[in-house]
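>>> All I have is the shape, not the residue letters:
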């Protein structure tokens, strides 16, 4: 609520851009369209109690407020985080009074899952007799967080995280309200959307933070990251020799120069380096630079680490030397390391896409009715033990992160992957 001395431009951008009608809500057409459940309710002129389940910033509070306006119900907001039994009693008494004079009440309960089971039961008589139309909002799975009695008297509606089209609409509205474009090129806009991860409120807060920047320079994805994220702290320059020697050891091993690697480890030990630090870095090398080319490398690393901890210095240092020789002479592959990095990049770009419905478990009746687990094929029941189903999120193209090399054990792994790829293609 604005005050007498508050200017409109002093309010947060997310508040100024809050939709004034349901047709301005973005990203939830599956609920608000004419064929959607809320669209049908409004078309029939009768709103029933509902639970809005969705991620943060997808419009749950806004939809509840606009539903109240559209149906001419008194809007009564309540937060389960800050409210107790006494607050609920006051709300229900006031709703009874309004009902007596012909005025209905839409009771919006944010974070409804925060109420315990007994408090949830307290809603039941007032929902049943029409004292209130309950609209609960939650980011948690109602099957696990709300009791069965309340679920049986409400309809659960699933809201979606805001997709690219919805975020495009928000940024267009923001730029129109601000009166100027944001200093972002195409890649910068895409990176801004990725940072939002489907959260419209956070997205508008990012836009507001960028709105005060000068029109030049125009930021790409890297420039945007510098503006909205802090730089990582620098290394301690006083120990540069420490990092130089461990780098020399690591790169000598990567280059399969076992003798040079032994020399650099000896230099580190002679300089007073903690042998357990060396053991840790050698274990990292085993998984980063050898990986599945020799799956035994990480076993050898852990064994040497354990031996040193048991024997101590100087006897335990021989175990580290033996490990350096093993790692230096092993076949090398960073395929697993690169696969993980690629998967992390993809995860950050795609945000919170949900798994396809057929691979979701459905432990409750409501989840089964929503389509959880429908169409799943149990791979062990197939003749070749392989169903070939899609396990990536819907709307995301299949990715190949792991590309094994033609060295060591990974040559055999590559044959297995090729076999499954042929089966997947055949099953279509």
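Looks like it came in fine. As the structure is a prediction and not an experimental result, all values here were calculated from the model. Residues are numbered from 1 along each chain as shown.
>>> quick one, strands of this structure?
Under the criterion DSSP state E, strands of the chain are mapped to 50-53, 74-79, 105-110, 133-138, 155-158.
>>> partners of the fourth one, with directions?
Pointing back at strand 133-138 there. strand 50-53 (parallel), strand 105-110 (parallel) (DSSP bridges).
>>> now it: mean pLDDT?
On average, the pLDDT along strand 133-138 is 96.
>>> got it, and the second one?
Averaging the model's pLDDT scores along strand 74-79 yields 95.
>>> Looking only at that strand, what residues are buried by neighbour count?
Across strand 74-79, burial judged by 16 or more other CB atoms under 10 Å covers 76, 77, 78. (Each C-beta comes from the backbone N, C-alpha and C, glycine too.)
>>> could I get those as TSV with distance to residue 248?
Output for the buried residues of strand 74-79, formatted as TSV (distance: CB to CB, whole Å):
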residue	distance to residue 248
76	68
77	63
78	63
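>>> Let me see the contact set for residue 317.
269, 275, 308 (CB atoms under 8 Å, 6 or more residues apart in numbering).
>>> Against residue 324, how distant is the last one?
Spelled out, it's residue 308. 12 Å (CB to CB, to the nearest Å).
>>> What is the burial count for residue 130?
Residues near residue 130, counting by other CB atoms under 10 Å, number 12.
>>> From residue 352, how far out is the residue lying closest to residue 56 once chain neighbours are set aside?
Of all residues not flanking residue 56 in the chain, residue 199 sits nearest, at 5.3 Å (CB to CB, 6 or more residues apart in numbering). Separation of residue 199 from residue 352 (CB to CB): 9 Å.
>>> Can you give me the end-to-end span of stretch 107-116?
Using CA to CA, to the nearest Å, the end-to-end distance of stretch 107-116 comes to 18 Å.
>>> what sits up against it?
Contacts of stretch 107-116 (CB under 8 Å, 6+ apart): 51, 60-61, 64-65, 68, 75-81, 91, 95, 120, 132-140, 142, 145-146.
>>> Provide a list of residues in contact with the spatially most central residue of the chain.
Nearest to the geometric centre of the chain sits residue 352, at 4.0 Å (CA atoms, centre = their mean). By CB under 8 Å, 6+ apart, the contact list for residue 352 reads 55, 161, 197, 198.
>>> Could you export those residues as TSV, including distance to residue 356, pLDDT and neighbour count?
As requested, the contacts of residue 352 are arranged in TSV below (distance: CB to CB, whole Å; pLDDT from 0 to 100; neighbours: other CB atoms under 10 Å):
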residue	distance to residue 356	pLDDT	neighbour count
55	18	89	18
161	15	91	21
197	19	86	18
198	17	89	25
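>>> hang on, the earlier thing: looking at residue 308 and residue 324, which is more packed in?
residue 324 (25 against 21).
>>> residues touching the more buried one, list them.
Counting by CB under 8 Å, 6+ apart, the residues that residue 324 touches are 249, 253, 258, 261, 262, 265, 282.
>>> Just flag the most distant two among the residues you listed.
258 and 282 (12.8 Å; CB to CB).
>>> out of these two, which sits in the more crowded spot?
residue 282 (25 against 17).
>>> what pLDDT does that one get?
98.
>>> Can you select the buried ones from the contacts of stretch 107-116 in PyMOL?
With 16+ other CB under 10 Å as the burial test, the buried ones among the contacts of stretch 107-116 are selected in PyMOL as follows:
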select buried, resi 51+60+61+64+65+68+76+77+78+80+91+95+120+132+133+134+135+136+137+138+142+145+146
